[in-house]
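Enquirer: Structure of the sequence below:
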Amino acid sequence: QVQLVESGGGLVQAGDSLRLSCVASGRTLRTYTVAWFRQAPGKEREFVAGVRWNGFSNYADSVQGRFTISRDKAKNTVYLQMNSLKPEDTALYYCAAHSRMTTVTSTTPVQYDYWGQGTQVTVSS
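Expert: Predicted structure coming up:
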């Protein structure tokens with residue numbers, strides 16, 4: 001079992017930056033694919049960014065060039081650096097993980113087995 005705990009959310013202004021953290025316990029994330037999803041009120045949960053077990057990363061078009069996903073294997077933590085935030089980035093951000101060594105990053109929620117409780121990001125205009 002893997003337990004995931006997100007932190008780092010908050011209320012910021014448009015153009016600001018935030019760094020979200022996803023700390024894992026129970027298992028090492030070294031061989032896991034880890035992704036960030038977000039869900040705004042009234043909308044479906046959507047893929048934001050993911051880093052596969054081999055280090056390859058993918059991003060949603062809406063965040064490409066602004067967000068960066070990274071992992072610190074020693075701390076068993078995955079980060080999401082978010083720059084140039086926009087009001088439309090406002091959502092509850094979730095960290096998710098699965099242990100299948102796929103060759104393509106999974107971008108749908110059902111493909112992930114472990115989830116954190118979420119951290120709120122609110123961007124004011």
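
Enquirer: just so I have it, where are all the helices in the protein?
Expert: Counting by DSSP state H, one finds no helices in the chain.

Enquirer: Nearest residue to the middle of it?
Expert: W36 (2.0 Å; C-alpha atoms, centre = their mean).

Enquirer: Please give me every residue in contact with the residue lying closest to it once chain neighbours are set aside.
Expert: With C-beta to C-beta, 6 or more residues apart in numbering as the criterion, W36 has its nearest non-adjacent residue at 4.3 Å, and that residue is V48. Every C-beta, even on glycine, is put in place using the N, C-alpha and C of the backbone. When contacts are counted by C-beta atoms under 8 Å, 6 or more residues apart in numbering, V48 touches A35, W36, F37, R38, Y59, A60, V63, F67, L80, Y93.

Enquirer: ok, W115 - contacts?
Expert: Contacts for W115 (C-beta under 8 Å, 6+ apart) come out as L4, Y94, C95, A96.

Enquirer: hmm, try it at 6 Å
Expert: Y94, A96 (C-beta atoms under 6 Å, 6 or more residues apart in numbering).

Enquirer: before we move on, back to that, which two from the contacts of V48 end up farthest apart in space?
Expert: By the measure C-beta to C-beta, Y59 and Y93 form the most distant pair in the contacts of V48, at 14.1 Å.

Enquirer: quick one: which of those two has more around it?
Expert: Y93 (24 against 18; other C-beta atoms under 10 Å).

Enquirer: about what we covered before: any chance of the contacts of V48 in TSV, with distance to G9 too?
Expert: Shown next, in TSV, are these (distance: C-beta to C-beta, whole Å):
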residue	distance to G9
A35	17
W36	11
F37	14
R38	10
Y59	19
A60	18
V63	15
F67	14
L80	10
Y93	6
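
Enquirer: So which of those wins on neighbours?
Expert: A35 (29 neighbours).
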